[in-house]
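Student: just the structure for this:
(chains A and B)
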Amino acid sequence: MNGHPKNFNSNSTDRSLQSMAVSQRQRLQKSRLVWVRGLILPTLLLILWEILVRVGVFPSNLLPAPSTIVFTLLDLAISGELFHHIVITLYRIFLGFFIGSALATILGSLTGYSRSIHQLLDPLLQALRNIPSLAWVPLFVLWMGIYETSKIALIAVGVFFPVYLSLMSAVQGVDRKLVEVGKVYRLNGLQLIRRVFLPAALPEYIVGLRSGLGLGWMFVVAAEIIGANQGLGFLLTDGETTGRPDVVIASILLFAVLGKLTDMGLVVIGKRLLKWQDTYTSRK
Amino acid sequence: MLKINSVSKQFNNRFTALESIDLQVYPGEIISIVGTSGCGKSTLLRIISGLDFPTSGSVYIHDQPITAPHPEIGIIFQEPRLMPWLNVWENVQFGLYNQSKAGKERVTQETLAKVGLTEFSELLPRELSGGMAQRVAIARALVTKPSILLLDEPFSALDAFTRLKMQEHLLKLWEYDRPTMILVTHDIEEALVLSDRAIVMRGNPGHIHQDFTLNLPRPRKRTDTNFQYWRELLLSNLDLSTTERVIIK
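Tutor: Predicted coordinates:
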């Protein structure tokens, strides 16, 4: 007698659990499908490209077929050359990014927090920001030589400004009401920056880091094109001087992939740090 | 003891928000400051908290003038003002940075239990209801064991039912350490339920109009005839014309 309603209940919860699992699976499949959808057009273009080169519509000495590029990449990878170039480029990027964003974090939080520091420093920094960063190259080469230091300095300069600007304006925009809570508990300037301003500015700060990293990639290419005997930018110019468009395109592809991967790294870190956000997208 | 000595406040040298306020608040006392919007009651509270400064006059705590937020004064704002990136536990600990870890953990635990949020310590502010968030804010203020607690319309953003619960709850919390409480409110019943004294302020410029000692027995009942009498008396002392003037502007 008593078993009946219980059974009924557990059945129905089983069923609802099942239907939940099913809908979840459907959703998963759907999201996988969306991902695949983005690949359709590139794949078609690659196939078309391959055919057009094979048929002879594109001259293969100027635009090699995708398969040629893949083999070039494999050759470079097998010889160990590719790995070496990638490592040296990543080393420059990371060091330059670290130095540039560290300086930007310190200066951006100070100029955002203190009006007098802002009045003292910001006009100068804004003036420097308006110098096209490539214009620094001759000076950096004269000062620091053509080896690593000048390259890393150039990348750091490129990274600095977007990070500085976004952090400064984010700190300036922090809710007064939260700052007052910090003041009630008598936090000093540095404690306020660390415990209230920086966490509150984090969303914009991460966007600044991402655009800084993007510029870092731009400047590593510039630095390596101008004077280097290793790195992906060198591979690029080397392909040009030796008349090998497959090497050029392979390097371009590697830049795209590495740039996307490092950006994704920042996005993932950002998402973890910003779990607390109560925004339109975080509710989904 | 808290002593407010002929405090005046002008904004931009033109608008006088407060004019020569004198007030003494005794230890363990609960006083309410009531008045219509724009009468300067919140400005007065901000000056006591050390977040704002008087143009002339001073506020004294233990005969020392307040020039910055004071460690013995806690404040609860109209909004919870929780740090959105910290969970409930971390928010409550926000003001406890100069203590040993074990001590911090113990007081936080105790205070969260007092406000009835022990099992919610892992939640983020965005996951809390308005009443819960304000309880976290109260815990954050209480955890440093202030001898004076300032409350700036703390329950005015809550729905009527939650507000009643919170008023009761506040009185229970007060029983633990009996801090001095200064409550700014525009809710006359709230003032009558909670306080020993009701200060009626009027605006243009902000001044103390009346200082009533409420000799009503506790716990206070809203249906009590005496309660009703006080309600009418306080209402008749409010300057309702200022609100109208503000709206017309």
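Student: CA only for contacts and neighbour counts going forward, please
Tutor: Will do.
Student: where exactly do the strands run in the chain?
Tutor: No chain specified, so I'll use chain A. With DSSP state E as the criterion, chain A has no strands.
Student: nope, chain B
Tutor: Remark: strands assigned in chain B by DSSP E are B:2-11, B:15-25, B:30-34, B:56-61, B:64-65, B:73-76, B:148-152, B:180-185, B:197-202, B:207-213.
Student: I'd like to know which of those is closest to chain A.
Tutor: strand B:73-76 (7.6 Å; C-alpha to the nearest C-alpha).
Student: go through the closest one and flag the buried ones.
Tutor: By 16 or more other C-alpha atoms under 10 Å in any protein chain shown, the buried positions in strand B:73-76 come out as B:73, B:74, B:75, B:76.
Student: from residue B:106, how far off is the residue most central in space within chain B?
Tutor: In chain B, the centroid-proximal residue (C-alpha atoms, centre = their mean) is residue B:151; its distance is 1.2 Å. Residue B:151 is 25 Å from residue B:106, where distance means C-alpha to C-alpha, to the nearest Å.
Student: can I get the strands of chain B in CSV with distance to residue A:174?
Tutor: As requested, the strands of chain B are exported to CSV (distance: least, C-alpha to C-alpha, whole Å):
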stretch, distance to residue A:174
strand B:2-11, 23
strand B:15-25, 27
strand B:30-34, 30
strand B:56-61, 29
strand B:64-65, 30
strand B:73-76, 20
strand B:148-152, 22
strand B:180-185, 26
strand B:197-202, 33
strand B:207-213, 33
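Student: check contacts around residue 70.
Tutor: Picked chain A for this. By C-alpha atoms under 8 Å, 6 or more residues apart in numbering or on different chains, residue A:70 lies in contact with residue A:250.
Student: correction: the question concerned chain B.
Tutor: So residue B:70 contacts A:184, A:186, B:49, B:50 (C-alpha under 8 Å, 6+ apart).
Student: adding pLDDT, distance to residue A:38 and neighbour count, write the residues you listed out as a markdown table.
Tutor: Output for the contacts of residue B:70, formatted as a markdown table (pLDDT from 0 to 100; distance: C-alpha to C-alpha, whole Å; neighbours: other C-alpha atoms under 10 Å in any protein chain shown):
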| residue | pLDDT | distance to residue A:38 | neighbour count |
| --- | --- | --- | --- |
| A:184 | 95 | 52 | 21 |
| A:186 | 93 | 52 | 16 |
| B:49 | 95 | 57 | 23 |
| B:50 | 94 | 58 | 19 |
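Student: and the furthest pair within the residues you listed?
Tutor: Spatially, the most separated pair among those is A:186 and B:49, at 11.3 Å (C-alpha to C-alpha).
Student: overlap of the contact sets of those two?
Tutor: Taking C-alpha under 8 Å, 6+ apart as the contact rule, residue A:186 and residue B:49 both touch B:69, B:70.
Student: how many residues are close by residue 100?
Tutor: No chain in the question, so chain A it is. Look at residue A:100: counted by other C-alpha atoms under 10 Å in any protein chain shown, it has 28 neighbours.
Student: look at chain B instead
Tutor: Neighbours of residue B:100 using other C-alpha under 10 Å come to 9.
Student: per-residue confidence at the nearest residue to residue A:105 once chain neighbours are set aside?
Tutor: Spatial nearest neighbour of residue A:105, chain neighbours left out: residue A:164 (6.4 Å); criterion: C-alpha to C-alpha, 6 or more residues apart in numbering or on different chains. For residue A:164, the model assigns a pLDDT of 97.
Student: ok, residue A:164 to residue A:210 distance?
Tutor: Going from residue A:164 to residue A:210 by C-alpha to C-alpha gives 12 Å.
Student: which one's more surrounded, the two?
Tutor: For the pair residue A:164 and residue A:210, the greater number of neighbours falls to residue A:164 (28 against 22), based on other C-alpha under 10 Å.
Student: how about residue B:75, nearest residue that isn't a chain neighbour?
Tutor: residue B:150 (4.5 Å).
Student: for residue B:49, same thing?
Tutor: Counting by C-alpha to C-alpha, 6+ apart, residue B:49 lies nearest to residue B:69, which is 5.6 Å off, once chain neighbours are set aside.
Student: what's around the one you found, how many residues?
Tutor: Other residues near residue B:69 number 22, with proximity taken as other C-alpha under 10 Å.
Student: wait, doesn't it sit right on residue A:182?
Tutor: No - assessed by C-alpha atoms under 8 Å, residue B:69 is found out of contact with residue A:182, at 10.1 Å.
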